[in-house]
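*Asks:* output the structure for:
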Amino acid sequence: MSTATETFREGLYNDQVVVITGGGTGIGRELALRLAGLGAHIVVAGRRPEPLEATAAEVRALGRRALAVPTDVRDAAQCEALIDRTTAEFGRLDALICGAAGNFICPAVSLTPNGWRSVVEIILNGTFFSAQAAGRYMIDHGGGQILALTATYGWTGGPGNAPSASAKAAVNTLVQTLAVEWAPAGIRVNAVAPGPVDTEKSRQNLWPDAEIRERIRRTIPLGRFGGPDTVVDACLLLMSPAAAFITGEILVVDGGQWLNKGLLQM
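*Replies:* The predicted model follows:
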């Protein structure tokens with residue numbers, strides 16, 4: 001099976017400038033490297049400088065320009081500064097990927113106010129503030145595109161995920177709202193909603209127990225977990241010219257689990 005990188009020709013995103021929040025690790029890092037391989041220049045943003053610099057170095061090794069900008073997306077002023085620095089450095093902004101997120105598993109009855117705020121502010125406020133800053137530039141400069149990473153439990157909910165599920169649900173609605181508001185300015189706004197994605201972090205934080213992992217796998221009609229590449233491929237599809245008439249879409253990438261409503265297959 002070909003991946004999006006193989007399907008799309010090298011150079012598809014030549015000299016486009018893409019900002020990725022949460023771009024130092026995980027899916028954000030994978031997006032940075034794949035887009036660089038397709039010709040884009042990359043700006044990675046997040047709170048920890050070290051992984052940002054490491055990802056930027058990898059992008060440069062692929063022959064593309066890269067900038068690492070430490071940014072707390074919960075702060076609107078820092079999001080504005082991120083876009084200002086990007087456009088000052090590169091002279092343009094073509095796309096923003098809102099990938100910054102935070103989560104931890106906790107029963108709702110035990111959740112502290114700070115725990116609630118820490119997750120909601122990163123996911124919801126961070127997506128809005130970074131999208132708003134990018135949107136202001138794009139409205140004045142001929143358009144662009146914004147892509148958010150959400151999750152299927154933004155529709156279904158998930159035990160122990162009250163703040164993250166609530167924030168992801170709000171981001172889904174935000175994506176559709178901005179898509180309508182900004183379409184006349186030539187800005188497409190979409191989202192990718194992954195289901196169970198097998199990463200080192202998910203094994204540590206979400207399903208460390210083998211029995212739990214197997215029970216989750218059995219809820220996926222395709223019978224397997226997704227990987228970071230499956231999410232990246234979906235993002236590249238929505239960002240490509242093939243999706244030029246698509247906006248306000250929330251693309252589910254979950255092997256059919258959402259359709260299965262989480263029921264165990266017998």
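
*Asks:* could you list the low-pLDDT ranges of this protein?
*Replies:* 1-10, 204-206, 261-266 (pLDDT under 70).

*Asks:* now do 80
*Replies:* 1-11, 199-209, 260-266 (pLDDT under 80).

*Asks:* output the longest strand belonging to it.
*Replies:* If each strand of the chain is counted by residues according to DSSP state E, the longest one is strand 187-194.

*Asks:* hang on, Ser164 in a strand?
*Replies:* No. Read with DSSP: H, G, I helix; E, B strand; the rest coil, Ser164 is helix and lies in no strand.

*Asks:* which residue comes closest to it once chain neighbours are left out?
*Replies:* Asn103 (4.4 Å; Cβ to Cβ, 6 or more residues apart in numbering). (Each C-beta comes from the backbone N, C-alpha and C, glycine too.)

*Asks:* got the contact list for the one you found?
*Replies:* Val119, Asn161, Pro163, Ser164, Asn205 (Cβ atoms under 8 Å, 6 or more residues apart in numbering).

*Asks:* count the neighbours of the third one for me.
*Replies:* Here the neighbour count serves as a burial measure; for Pro163 (other Cβ atoms under 10 Å) it reads 24.

*Asks:* got the contact list for it?
*Replies:* Asn103, Leu111, Gly115, Trp116, Ser118, Val119, Val120.

*Asks:* by neighbours, which of these wins?
*Replies:* Each of the contacts of Pro163 was scored for neighbours by other Cβ under 10 Å, and Val119 scores highest at 24 neighbours.

*Asks:* check the contacts of Pro163 against Ala61 and report the nearest one.
*Replies:* Nearest to Ala61 out of the contacts of Pro163 is Asn103 (Cβ to Cβ; 30.6 Å).

*Asks:* can you classify that closest one by secondary structure?
*Replies:* Asn103 - assigned by three-state DSSP - is coil.

*Asks:* phi, psi for His41 please.
*Replies:* phi -90, psi 140 (degrees, to the nearest 10).

*Asks:* that one and Leu124, how far apart?
*Replies:* Per Cβ to Cβ, to the nearest Å, His41 is found 28 Å from Leu124.

*Asks:* settle it for me: which of those two has more neighbours?
*Replies:* More crowded of His41 and Leu124, by other Cβ under 10 Å: His41, with 23 against 20.

*Asks:* is that one in a bridge, and if so with what?
*Replies:* Val17 (DSSP bridges).

*Asks:* contacting residues for it?
*Replies:* His41 touches Asp15, Gln16, Val17, Val18, Arg64, Arg65, Ala66, Phe90, counting by Cβ under 8 Å, 6+ apart.

*Asks:* sorry, back to before: what lines up beside the longest strand of the chain in the sheet?
*Replies:* strand 144-149 (parallel), strand 250-253 (parallel).

*Asks:* want to throw the contacts of Pro163 into a markdown table with secondary structure and distance to Arg213?
*Replies:* Output for the contacts of Pro163, formatted as a markdown table (DSSP: H, G, I helix; E, B strand; the rest coil; distance: Cβ to Cβ, whole Å):
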| residue | secondary structure | distance to Arg213 |
| --- | --- | --- |
| Asn103 | coil | 17 |
| Leu111 | coil | 24 |
| Gly115 | helix | 25 |
| Trp116 | helix | 27 |
| Ser118 | helix | 26 |
| Val119 | helix | 23 |
| Val120 | helix | 27 |
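
*Asks:* how about the residues you listed in CSV, adding distance to Leu174?
*Replies:* Output for the contacts of Pro163, formatted as CSV (distance: Cβ to Cβ, whole Å):
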residue, distance to Leu174
Asn103, 18
Leu111, 23
Gly115, 22
Trp116, 18
Ser118, 19
Val119, 16
Val120, 13
